[in-house]
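In: I would like to see how this sequence folds:
(one chain, ligands or ions: 2)
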Amino acid sequence: MPATRVSIGLVGKPNAGKSTLFSAICEKESEIGNYPFTTTSANSGISYMEVQCPHTIIGKECNPNFGFCVNGRRSIPVEIIDVPGLIEGASSGKGMGNQFLESLRDSMAVLQIFDSSGTSSADGTIMPEKVSSPDREIEQIRKELYNWIIEKMRDGWERFARRADQSGEPMEMSLLRKVSFIGLNASQIKKMAGMPFPSRLETWSDSEFLLFAEWIFRAIKPLIPVGNKADLLKPGERREIIRRIPGSYLISAEYELAANRALKNGYLLHDNNSYRISEKVNNRQRDALVSIIEFFNDNIITRTSALINTMIREKLHMITVFPVADETHWTDKNGNVLPDAYLVPAGTTAVELAFLVHTDIGANFIRAMDCKTKRIIGRDHELNNGDVIKIIAKLP
Ligand SMILES: Nc1nc2c(ncn2[C@@H]2O[C@H](COP(=O)(O)OP(=O)(O)OP(=O)(O)O)[C@@H](O)[C@H]2O)c(=O)[nH]1
Ligand SMILES: [Mg+2]
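Out: Ligands and ions are numbered 1, 2, ... in the order given. Below is the predicted model:
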């Protein structure tokens with residue numbers, strides 16, 4: 001994985017389809033089962049985010065260190081973490097317990113996978129008819145995530161808070177040590193400024209812990225509702241879900257996986273941005289593929305590749321930049337064209353990029369060059385999406 005690793009976690013009740021989604025978007029597959037708790041420990045894999053590759057500007061093929069590039073579309077690795085199913089009481093150890101929640105520490109964003117068809121109970125048992133409401137399911141899982149944070153914060157809080165208040169250190173900085181289990185860094189915790197949190201930690205109680213948990217999943221690690229199994233819904237029902245659950249997306253992990261397999265087997269062909277069914281399929285396979293294509297053509301449905309791009313661009317506000325050593329040929333010092341594509345937060349400056357490339361380069365930063373315009377840029381210049389940047393540093 002590149003220096004700037006982006007991780008997305010998948011959470012939801014058992015049988016919501018997390019492992020099916022993981023298998024559809026990652027290079028490796030995760031075990032899928034129609035019984036609860038098929039997945040028993042967190043599993044991480046690599047998926048890709050597609051961006052326009054600047055190699056088309058200089059007309060030379062690129063040589064990616066990570067990922068690949070096809071027809072000018074560069075695929076950048078993104079880590080996906082498949083988490084075991086969550087049930088009510090998970091935060092206090094029910095089901096698979098709460099150790100696995102700790103894999104969320106490494107996730108920058110979390111997809112909350114819910115069963116949009118409502119055909120599974122709260123513990124994930126698959127039912128022949130609708131038995132659950134997506135709204136309630138989303139609330140329940142959120143409550144578990146919040147409870148997990150509250151429980152972790154409660155542990156040894158009084159002693160911690162007393163000491164922190166006496167230390168004279170800014171409240172956020174003390175808190176940073178306490179919340180390492182959720183993987184916050186100093187620049188993230190500074191975003192608490194302006195939020196209505198009491199500065200004396202000793203006065204914090206469950207309501208502040210809850211506010212803090214809500215803030216984390218809103219401002220730091222966006223928790224995005226994704227309704228799976230939308231293939232089981234009629235078109236009108238799909239629209240009703242999107243209307244009722246603001247900010248949600250609808251997918252079918254099963255159809256995505258089936259389409260991938262059909263593409264690999266040559267049963268399905270993809271040209272000119274549309275699908276074509278091969279002549280070599282039998283009638284049953286043709287019917288299945290027709291349903292899948294029809295489903296994907298419904299514009300209320302989000303394709304899983306678009307979902308990953310949206311998470312990174314719009315929810316995590318990240319941009320792609322390409323550091324190079326040679327401003328004319330856009331190569332590294334070994335002649336590889338555009339070898340690195342970094343996903344960095346929007347607002348990243350030239351010197352911050354230099355530190356990501358190497359701490360020595362960051363520490364000895366002199367200036368940088370925007371290789372598309374050949375303009376010199378200073379250390380505090382904020383980079384733009386798609387920039388190709390040469391860093392000039394004073395090295396011994
Ligand atoms: N119809 C339909 N079924 C799906 C879809 N995604 C998953 N399933 C089925 O739902 C069941 C559960 O899928 P998994 O991916 O194992 O679910 P999970 O969320 O990983 O479950 P746990 O590991 O137990 O937490 C399997 O029988 C899948 O085939 C979908 O998009 N549509
Ligand atoms: Mg699973």
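
In: right, is stretch 17-33 up against ligand 1?
Out: Yes: counting by C-beta under 6 Å from any ligand atom, ligand 1 has neighbours in stretch 17-33: G17, K18, S19, T20, I32, G33. Bear in mind the C-beta positions are built from the backbone N, C-alpha and C, glycine included.

In: From those residues, pick the one nearest S248.
Out: Of all the residues of stretch 17-33 next to ligand 1, G17 has the smallest distance to S248: 14.7 Å, by C-beta to C-beta.

In: What residues does the chain have near ligand 2?
Out: Within the chain, the residues that sit near ligand 2 (C-beta under 5 Å from the ion) are K18, S19, T38, T39.

In: in the worst-scoring helix or strand of the chain on mean pLDDT, what's buried?
Out: Within the chain, confidence by mean pLDDT, DSSP states H and E is lowest for helix 186-189 among all helices and strands, at a mean of 87. Buried residues in helix 186-189, counted by 16 or more other C-beta atoms under 10 Å: Q188, I189.

In: Next: stretch 73-84.
Out: Residues R74, S75, I76, P77, V78, E79, I80, I81, D82, V83, P84 are the ones in stretch 73-84 that count as buried (16+ other C-beta under 10 Å).

In: doesn't C62 make contact with the second one?
Out: Meaning S75. No: taking contacts as C-beta atoms under 8 Å, S75 lies outside contact range of C62: 11.3 Å.

In: what do these two both touch?
Out: Both S75 and C62 are in contact with C69, where contact means C-beta atoms under 8 Å, 6 or more residues apart in numbering.

In: Report the contact partners of A350.
Out: F365, R367, A368, I377, G378, R379, D380, H381, L383, I389, I391.

In: If any of these are buried, put those into a PyMOL selection.
Out: Those of those that count as buried under 16+ other C-beta under 10 Å are selected in PyMOL with:
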select buried, resi 365+367+368+377+379+381+383+389+391
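
In: Which of the contacts of A350 fall within helices?
Out: Of the positions in the contacts of A350, not one sits in helices, assigned by DSSP state H.

In: out of the contacts of A350, which one sits closest to ligand 1?
Out: L383 (37.5 Å; C-beta to the nearest ligand atom).

In: I'd say the closest one and L356 touch.
Out: No: assessed by C-beta under 8 Å, L383 is found out of contact with L356, at 10.9 Å.

In: Overlap in contacts, these two.
Out: Shared contacts of L383 and L356, counting by C-beta under 8 Å, 6+ apart, come down to V344.

In: What segments of the stretch 251-396 of the chain are helices?
Out: Assigned by DSSP state H, counting those that start in this stretch, the stretch 251-396 of the chain shows helices spanning 253-265, 283-297, 304-310, 350-357, 359-363.

In: hang on, the earlier thing: mind exporting the next helix or strand after the least confident helix or strand of the chain as CSV, just the C-alpha atoms?
Out: Going down the chain from helix 186-189, the next helix or strand is helix 206-215, by DSSP states H and E. Output of helix 206-215 as CSV, limited to C-alpha atoms (Å, rounded to 0.1, in the frame of the first residue of the first chain):
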residue,chain,number,x,y,z
ASP,A,206,-22.9,10.0,29.5
SER,A,207,-24.6,12.9,27.5
GLU,A,208,-21.2,14.4,26.7
PHE,A,209,-19.8,10.9,25.8
LEU,A,210,-22.8,10.4,23.5
LEU,A,211,-22.3,13.8,21.9
PHE,A,212,-18.6,12.9,21.4
ALA,A,213,-19.5,9.6,19.8
GLU,A,214,-22.0,11.3,17.4
TRP,A,215,-19.4,13.9,16.5
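
In: returning to that earlier point: would you mind giving the buried residues of stretch 73-84 as TSV with secondary structure and pLDDT added?
Out: Output for these, formatted as TSV (DSSP: H, G, I helix; E, B strand; the rest coil; pLDDT from 0 to 100):
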residue	secondary structure	pLDDT
R74	strand	97
S75	strand	96
I76	strand	96
P77	strand	95
V78	strand	96
E79	strand	95
I80	strand	96
I81	strand	94
D82	strand	93
V83	coil	90
P84	coil	88
